[in-house]
Each structure stands twice: as structure tokens, then as C-alpha cells.
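Student: 3D model of this:
(chains A and B)
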Protein chains: 2
Amino acid sequence: MKIQPVKGTRDFYPPDMARRNWIIDGWKKVSVRNGFEEYDGPIFEYLKMFQIKSGDEIVDQLFSLKDRGGRDLALRPEITPTLARMVNQQINSLPKPIKWFSVPRLFRAERPQKGRLREFFQWNIDIIGVDDVLADAEVILTTLDYLEDVGLTPDDIVVKISSRKMLAAVLNEIGIPAESLEFLYSILDKRNRLPANAFEEMLIELLEDSEMVRKVQVFMELENIQQIEGMFGRLEEFDEIVNLMHYLNRMGIGDYYRFDPSIVRGLAYYTGIVFEIYDKASELRAVAAGGRYDNLLKDFGGPPIPATGMGMGDCVLEILLREKGLLEVQLSKRGLDFFVAYVPSIMAFEDEHKSTPFEVAARFARILRKNDRNVDLSYKFTSLAKQLKQASEKNAEKCIIIGEEFKENNLVVKDMATGEQELVNIEEFLSKLKS
Amino acid sequence: MKIQPVKGTRDFYPPDMARRNWIIDGWKKVSVRNGFEEYDGPIFEYLKMFQIKSGDEIVDQLFSLKDRGGRDLALRPEITPTLARMVNQQINSLPKPIKWFSVPRLFRAERPQKGRLREFFQWNIDIIGVDDVLADAEVILTTLDYLEDVGLTPDDIVVKISSRKMLAAVLNEIGIPAESLEFLYSILDKRNRLPANAFEEMLIELLEDSEMVRKVQVFMELENIQQIEGMFGRLEEFDEIVNLMHYLNRMGIGDYYRFDPSIVRGLAYYTGIVFEIYDKASELRAVAAGGRYDNLLKDFGGPPIPATGMGMGDCVLEILLREKGLLEVQLSKRGLDFFVAYVPSIMAFEDEHKSTPFEVAARFARILRKNDRNVDLSYKFTSLAKQLKQASEKNAEKCIIIGEEFKENNLVVKDMATGEQELVNIEEFLSKLKS
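Tutor: Just a heads-up that it's a prediction; the model follows:
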């Protein structure tokens, strides 16, 4: 009998878990220092909730299940719908702005691919209640604060930025009717993942006007606002992206971002600034993406409150950090602080219990642990040499040896890196431990 | 439109999340200092895997779903089957003993009750590869290390301990055939949750012998090994529980445990020491439970390797800690280290960018954050008084005020607890920050 895990899921053995913890702890630390508070919701919600934001097409990508009453549930594929539900529930009592983060475990019933698994973790930060583009900037700055922290530089990554307001204004100038926009966005979003002719065919089919198609294609290639103003004049809808870039420059991260009108984000619900962060060197999917979604809380039955946010999954990030040589080197190699070994051959101790050497070692280990030191010992009554081997396997910094000296209130402390041993008085050792 | 969460799940708003993090961080810290390494598996596995350990009856308690190929999956109701699968997969390369812990999110499709939700967290510790009762003791000691750490004393909780080996030997002495044991265990396990006469009727129906039933009932009421020896003589199967209690006494936790032959654990897979930890004062379900399961790895297709472990859910624990007044008092009240405020009326600064007061404040906040201080600021261009109010709402320890003084390289630092303000030179402030 051979039992397999489900394809697209991961087993986290201790070394894998150490990597996962390092990534998630970093996300949490950067969130908190940027003034975000942590929240989470359930792993599953009513299926219909996920359709509000993403339409019926999301249903194919969901793991669905039923509750005992037969109602349709789904494993969450993203946390934003839960965020909207939770914020709306307490909208009157929550102080604004709401700056929340979460590291949900998410699920997609897709075929697993590189950087895209069925089960993954995603860092989410959101600012709710601020319509100023400063909030979009703060989301980008916080995201970069993390990526800088793990060692990524402007040579490694680029934040591609655009604006849905600008895009809508330009498409209007080109003459595209408002009712075509939603479907057009989903096509434009696929541009970098489609062959050029397939992309063009989709545009022609939707717009039925080769001049419009040409203008859209020229626009998507433009590299700065000046070129866009050259084509369409200066429109007031360009203000937010201009202000954002101005502000990012002043915050000293001008080297990290690039204006890119081809960044669209497929989903209909984005309303303002949109951005995606890419590895410059490879063909990896986006490391992170986000933008403004001012209508979502209203769509979820709440008041019209502006919001902006970002999501970053752990799979692409881990591949990127590994490729750059930034992953293993930064993991803490900390093993045990102490391994407590004992000389098995010595006689029982003369204490009230006539304790065995193991019992003395175990009691000493307990004292060390109560002082928050990471400690282990051998459960086999085996030779000191074998215990020292186990200490070394467990990556212990020091090994304490309980031997005949213990009867005179002394310990042998062995440094596992240098091999040096010293005889230490127990009282002195413990008072040093506590200080 | 009103969107509800699914019954039996929880929304973790920031104060709830702080409680959850405090509990889970405590579990992790105590695990690591006791020499356990963290692992985790997927949230869902093939349904049939959960039937290996717990039989077909578990299927009713599972949330089941299907993968794209139509195979039956289930959300994990416990992590031990995943542990067995993972250990068997790498059995030859893992150094023994394996001391692993995990804090899985688990799911049960039951009707929610007090202390029993559909979605919860459970601390699990397991030692694999040690047949000595020392490993069972270490599991109990580690569990108590945590419960002591959060302030619970022998006045609050009791570890009820028994032994399946002892139980099987006694039931054999009473004359109960071996093939009745598995079903008998599941009845005995229900004793404390059933009315006395219902329990007796179930025994009579199974055993069909009133003298056997009487003996079983007398045995379940016994309070120490001496009484059992008085009834049945001293059997070698009593050694492990005697050794365990002897060892726990020497480790100084004699006040925490009580021998209790009525502790059985319902599941067939326990083979040795079994224990459950209860609140002494209330009718709560067990806070934690565990025991030895020497056959499980073999049942999962691996070699016969002894194992022992413990599980503790977050729901009962949280209720208990709240009842004892130990919950809210221990949560860190740490909010922001600094809130950076600015005087909105002052003129633009004379720097190269002619920065606005907000931009100066935001750049200063960025420096503080890069030095790992938790910092926020207001995104609204509002009065200083309103910014100070926001600093106070966000529980900031200090408020930094960027005003005219900034042009002379000085900051005003306000202590939010005392209200005291001092003028500080920026260079001095930053060098103190870094030290």
C-alpha cells in the first residue's frame, strides 16, 4: 500500500517548514512595522460569496464542498471577498483608515504548474478608507520594504505601474464604447501571455475596427506619460498616476518602478492604480500584484468606501529567491542551544531519590528549557560517544555532560564547534543562564 | 444582501488574531525548547487515507471534496495520518528519534458546540522511534511545560493517566475475549459522557455476563495501582504505567497527574500509555489528550516503529484560559512604536524637492521602519490635533512631530503616556535608534 499526497499540494518537512516560516515571518514583520494589523477568516465560505467579485467563471477554479445542510461552500481562492465581508460587518466601529494584513492559505483547483500550486500562501495588505493615491503608494512601499529586506534590488525586480482611470480615458478617446471595456480589459491583460497575432485577432473580433485596434496596440507600447499626452493631450484622469510616480520618486524608490500602460489586471473590479511586480531576468509569473478597488465594499453590501491592496504568493517568490541565491543563506541555522548528555555507567546519585544519570540529565534539561533554551537529550541508555553524535546531528551549539563531576556540583560544557570542554560550577552556570 | 460566514467557523479580527497568535506562538516556543522540529502537510488528502486509522465512521465527520479527476478528497480532521504518511515516505533518511510538532488547522463537519467548532487549530507533538515510556513522559512534560507557562497550576488542571496494556491485561483477567476489546474500548471511553444506566446497559449488551460487567465497573472506579493489584495480582503489563508515574514524580510534576483507569481513549489504535488533561473546575471537554500508538506507521505501509504523541485544540484552551482570567492579561498590548505627525500649515521645505510636510514625515517614517520600528502616519492632510488623536487610537508609544523645528534639524518627540514633549536633534535621535 502506497499512500500519496494530492498533486499540487506540498509536504512541509522540517527544512521546508523552516523556509515557509522564514518567508511568512518576514511578511508579518514588515506588515507590522508599516502599521498594518493582522486578520484572518475561515478557510471555506459560501460559494456564492466568491462569485460576487469574480463572476461565475471562478467556480471552475474552486474546490467546492457542501455543509450538512447541503449548502455549497468553497475553499477560498483569495481573501479579498472575506476581507470585504468582515469589514462591512463592523464598518461602523472600526477606526479609519483600516490598515490590515493577512497571510491566508489559499486554494485553486487548477492543473499545477511552475509557481502555481493548488495550495499556497499569499501575503495580503490592504488600506481601506483612503481615496488619496498616497494609500496606493504606501501599499507599493510596504511591498518593496519586504522585497528589499530579503535582498532584492532594482537590478532584480521591477514594479510595473499603470492606472485604470487613465486607461479608461484613453480608450474613450480612441472611441471604444464604455460597455466594451470590461471584456477589453480581460483581453489586454492577456497580452503578454498570448502570441502577438492571437492577441490582435481577439482585439479585431471585439472592436471590429482596425484603426481602433492599431491605436490600442500603439498605446500599449508607450513608455511614459509624455508620449501618451502627445497622442491624446493631457487629460485630468492622468493626475493620479502622475501624482503617484512623483511621490514614489520622492520616497527614493524611483529605480524600482516603471510606467507601463500594458499593465491592466484582468478583473473588472479594479478602479484606479494597478501594478504588478516582476523578476527582470526570467519568465516567471508576477511576484506580486495589486491595485485600487473602490467599489468592492459596496458590491458586498456595504457603504461606498475606497480601498487599495496587494497580494504576493509564496511559490513564485520562493523560486525567485532561490534563483538569486537569496534563500538558503538567509535561513537561520539555529539548532539546539544545549544537548544534555550523561555518562551512563556512573552510579546512582546520592540524592533523596537515588536518581539515575538519565533522571539527573532530564531534570537539568527541564531547568534549561524553563529558561527558554532549546534543549534535547537521548532517550536511549547509550554510550556518551553516541550521545555526542546525536548532539551533533541535532546541530547543538553546546553539549552539557553529566558525569561524576556532577556530584561535586560541576558540569562539563563542550563547545560543539571547537570541541573545547570546560568544567563549570553549576551555580555559576545557572546564574549566567538567567542573566 | 447580507453575507454570512459559515456556521462553526471564526472570523479573526485583529484582537482575535492577537489571541490566536499568542496561543500558537506559545505552542511553538515550548515545542522548540523541548527539542521538537516543526512540520506541516496539506489541508486536504485522499479520503481513504483518513479511513485507515479511524475506520469508515470518520467519513461522516469529514468535509469531503473531489479533485479534477473525480477522486475523493477530505479536509484533514487530524494530522496524525499525514504524519504517518510523511514519516513513512522518508523513513530511511530521517535520524531517529523523530521529534516533530505541528499546529495544523483542522476541520470537522459536526454540529458546532461549546469548545468544538468546525474549523480549529490543534497543537500536535509526536516522538517516533522510542519504545521506552520515557518518550510518553517527555510528551506529557512538554504539554505541561506549555500549560505551566500560561499560568495553569495543579489547582486548575489534572492529567489523567492510564495504560492500554494494563487495561487489556485486566480485561483478560476478568475473562473478556480479545475480540470484544476494540468495541469495549469505544464503550468505556463514553463512560463520563453517558448516564450511568445507559453505560451499564451497553456493557451488558456487549458482555452478556453481569459478573463481568460488575468487575469492569469496579475496576473503572479504582484510584491506584495498589487497589488493582489487590484485585488481580501484580501483572507485568502494569510495569509501564508504574515506571511512568515513578518518572513523572522524579521530574517534579507529581501534583499534576492522577492515575485513572477510566481513561481509555476511544480509538482502536492506542497501544500503551493514554492520557487526557482536564480543567478541574468545569464541565469542559478535555484540554489535551494523547498516548502511544505503536502500530500506526505499520498500518500506513511503513515499518513497525513505536510512536507516542499529544494533541491540544485551541477552542477549549481559550475558554479555560478566559475562565481563569489568564487570557487577556498576558496578551502583549504593544501598539506602534512611533506615530509620525506633521504640522500641515508649515511651508514646503527648502530641500532639493521642495518637499511637503507629509513627504518629510513619510520619508522619516520609512527610516524608522527600516530600523524595525513599528510606525504609522496619517494619510489625510489634517490638523496636528487630529493626527495626535489617531496616534492615540493606534496605541502609539511615542509621537514624532515634524514642524518648523525640522528645518533646524530638530524633532519634537511626545511621550503618549505622560504627555511630555522634548526637542531632540535628528542625528542624535537616529544614532540612538540604531544602537
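Student: show me the contacts for the residue lying closest to A:Gln89 once chain neighbours are set aside.
Tutor: Closest residue to A:Gln89 apart from its sequence neighbours, by C-beta to C-beta, 6 or more residues apart in numbering or on different chains: B:Asp11 at 7.5 Å. C-betas here are computed from N, CA, C, even on glycine. Counting by C-beta atoms under 8 Å, 6 or more residues apart in numbering or on different chains, B:Asp11 makes contact with A:39, A:41-42, A:82, A:86, A:89, B:5.
Student: Can you tell me the strand partners of the helix or strand hosting A:Leu65 and which way each runs?
Tutor: According to DSSP states H and E, A:Leu65 maps onto strand A:64-66. Paired strands of strand A:64-66, with direction, are strand A:72-75 (antiparallel) (DSSP bridges).
Student: who touches the strand it pairs with?
Tutor: Residues outside strand A:72-75 that contact it (C-beta under 8 Å, 6+ apart): A:43-48, A:50, A:59, A:62-67, A:106-107, B:6, B:43, B:63, B:65.
Student: Please look at A:Asp415 and A:Ala396 and confirm they touch.
Tutor: No - between A:Asp415 and A:Ala396 there is no contact under C-beta atoms under 8 Å: 10.2 Å.
Student: Looking at these two, which one has more neighbours?
Tutor: Legend: neighbour count by other C-beta atoms under 10 Å in any protein chain shown for A:Asp415 and A:Ala396, higher for A:Ala396 (24 against 12).
Student: That one in helix, strand or coil?
Tutor: Recorded secondary structure, A:Ala396: coil (DSSP: H, G, I helix; E, B strand; the rest coil).
Student: residues contacting it?
Tutor: Counting by C-beta under 8 Å, 6+ apart, A:Ala396 touches A:335-339, A:376, A:416.
Student: any chance of these in a markdown table, with secondary structure and pLDDT too?
Tutor: Conversion of the contacts of A:Ala396 to a markdown table gives the following (DSSP: H, G, I helix; E, B strand; the rest coil; pLDDT from 0 to 100):
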| residue | secondary structure | pLDDT |
| --- | --- | --- |
| A:Gly335 | coil | 86 |
| A:Leu336 | coil | 95 |
| A:Asp337 | coil | 96 |
| A:Phe338 | strand | 97 |
| A:Phe339 | strand | 97 |
| A:Asp376 | strand | 97 |
| A:Met416 | coil | 96 |
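Student: give me the subset of those touching chain B.
Tutor: When contact is defined as C-beta under 8 Å from any C-beta of the partner chain, the contacts of A:Ala396 meet chain B at A:336, A:376.
Student: Looking at the contacts of A:Ala396, which is nearest chain B?
Tutor: Of all these, A:Asp376 has the smallest distance to chain B: 3.1 Å, by C-beta to the nearest C-beta.
Student: my guess is that closest one contacts A:Glu397, does it?
Tutor: No - in this structure, A:Asp376 is not within contact of A:Glu397 by C-beta under 8 Å, at 11.9 Å.
Student: and those two? which has more neighbours close in?
Tutor: A:Asp376 (24 against 16).
Student: Chain neighbours aside, what residue packs nearest to the more buried one?
Tutor: Per C-beta to C-beta, 6+ apart, closest to A:Asp376 is B:Gly35, 3.1 Å.
Student: Got the confidence number for the residue nearest to A:Gln89?
Tutor: Here, the pLDDT recorded for B:Asp11 equals 98.
Student: how close does it sit to A:Val87?
Tutor: From B:Asp11 over to A:Val87 the distance is 10 Å, taken as C-beta to C-beta, to the nearest Å.
Student: Equivalent analysis for A:Arg366, please.
Tutor: With C-beta to C-beta as the criterion, A:Arg366 and A:Val87 are 46 Å apart.
Student: Among the two, which residue is more densely surrounded?
Tutor: Each of A:Arg366 and A:Val87 has its neighbours counted (other C-beta under 10 Å); A:Val87 has more, 23 against 18.
Student: tell me the pLDDT at that one?
Tutor: We have a pLDDT of 97 for A:Val87.
Student: residues contacting it?
Tutor: The contact partners of A:Val87, taken as C-beta under 8 Å, 6+ apart, are A:94, A:98, A:128, A:297, A:302, A:305.
Student: Now with 10 Å, please.
Tutor: Residues in contact with A:Val87 (C-beta atoms under 10 Å, 6 or more residues apart in numbering or on different chains) are A:39, A:94, A:98, A:100, A:126, A:128-129, A:296-297, A:300, A:302, A:305, A:307, B:13.
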